[in-house]
Each structure stands twice: as C-alpha cells, then as structure tokens.
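With the input below, show me the fold.
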Amino acid sequence: MDIIREKMRNIGINILLVCILLMSMIYGCVEKEEQENGQEKKKIPTCTLLAAPTKGIAPLMVTFSLTAADIDGNISFWELDVNNDGTIDYNGTGHPPSTQEHTYADPGTYTAKLTVIDDHGSVGKDTFVITVTKKFSPIPP
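Numbering: from 1, shown residues only. The predicted structure follows:
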C-alpha cells in the first residue's frame, strides 16, 4: 500500500510541475533564449496582449492592454495588428502604450497580434481573440 501511495504522490508532483511549466509559458514567465551567431544567447523579448471586452455586438469598442519586457536589453519597436490581416494598425518606438483602443465595426472573429522587437532584433509575439456579433434584429410580423 505504501508503494502505491508513493507512486500516486510522484504522479501528483509531476502533474503539478507540468501545470506550473504550462502556466509559466502561457504568462511569459519562462525566459526564452535565442542563439546568435553561435555566441552568447540573447533573451527573446516577452509581451502580453489582453482585451476587454472580449466579445460583443458591433460596433464594439475594445481596450487592449499591452505589456512588453526584455531582460537583456530594450524594446525598440512595437506593432499591433487588430485583425491579423498583415496590416499594422498601430505601432511605435520603445515600449508599447499600456492601453490602445480600437472599434470593430463589422461582425466577425478577429485575432489581434502584438509584436515587439528588441535592440538585438529578437521578436516576441502574443495574440488575443475578439468576437464581434451583429445586432439582433427581430423579424417583423
């Protein structure tokens, strides 16, 4: 019986460690590294993109929350593509602003993408999905 308890405890610890690792990766807490010309490893910048509200009726005004960090350098440039169509809707030098508002005029499911580039040329990205529905129109009698 003690052997079974020990194995169950080990399984529980392993599951906990996997959960912690996954949560760290999701929230950007695990440092990512990049090899540069076989020399010193450079850290890839991290960024987080959140939005509120995440769904609603068109026209839907969304406030994005943007954060970026670079452990071994500086954020040089940022860009936000609000519908992942390849056209940059907002951008700037240095760190992104803490918030950015955008109004979605048409119904659809949109994937917003934040990209940051550091002073080593390394790129960090994050995405967030927004769902916009059309206003319900009752059918006339």
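
Domain ranges for this protein, per the record?
When the chain is parsed with automatic domain parsing, its domains come out as 1-30, 42-135.

what's the following helix or strand after the host helix or strand of residue 116?
According to DSSP states H and E, residue 116 maps onto strand 108-118. Moving toward the C-terminus from strand 108-118, the next helix or strand (DSSP H and E) is strand 123-133.

can you count the residues close to residue 62?
As a burial measure, residue 62 scores 21 neighbours (other CB atoms under 10 Å). No exception for glycine: its C-beta is placed from N, CA and C like everyone else's.

Need the pLDDT of it.
pLDDT for residue 62: 97.

Going by secondary structure, it is in what exactly?
strand 60-69.

between that strand and strand 123-133, how many degrees?
Interaxial angle of strand 60-69 relative to strand 123-133 (axes from the mean of the first three to the mean of the last three CA atoms, to 10 degrees): 160 degrees.

The very next helix or strand once past strand 60-69 vs strand 123-133, what angle?
The element immediately downstream of strand 60-69 (helix or strand, assigned by DSSP H and E) is strand 75-81. If you take the same axes, to 10 degrees, strand 75-81 sits at 20 degrees to strand 123-133.
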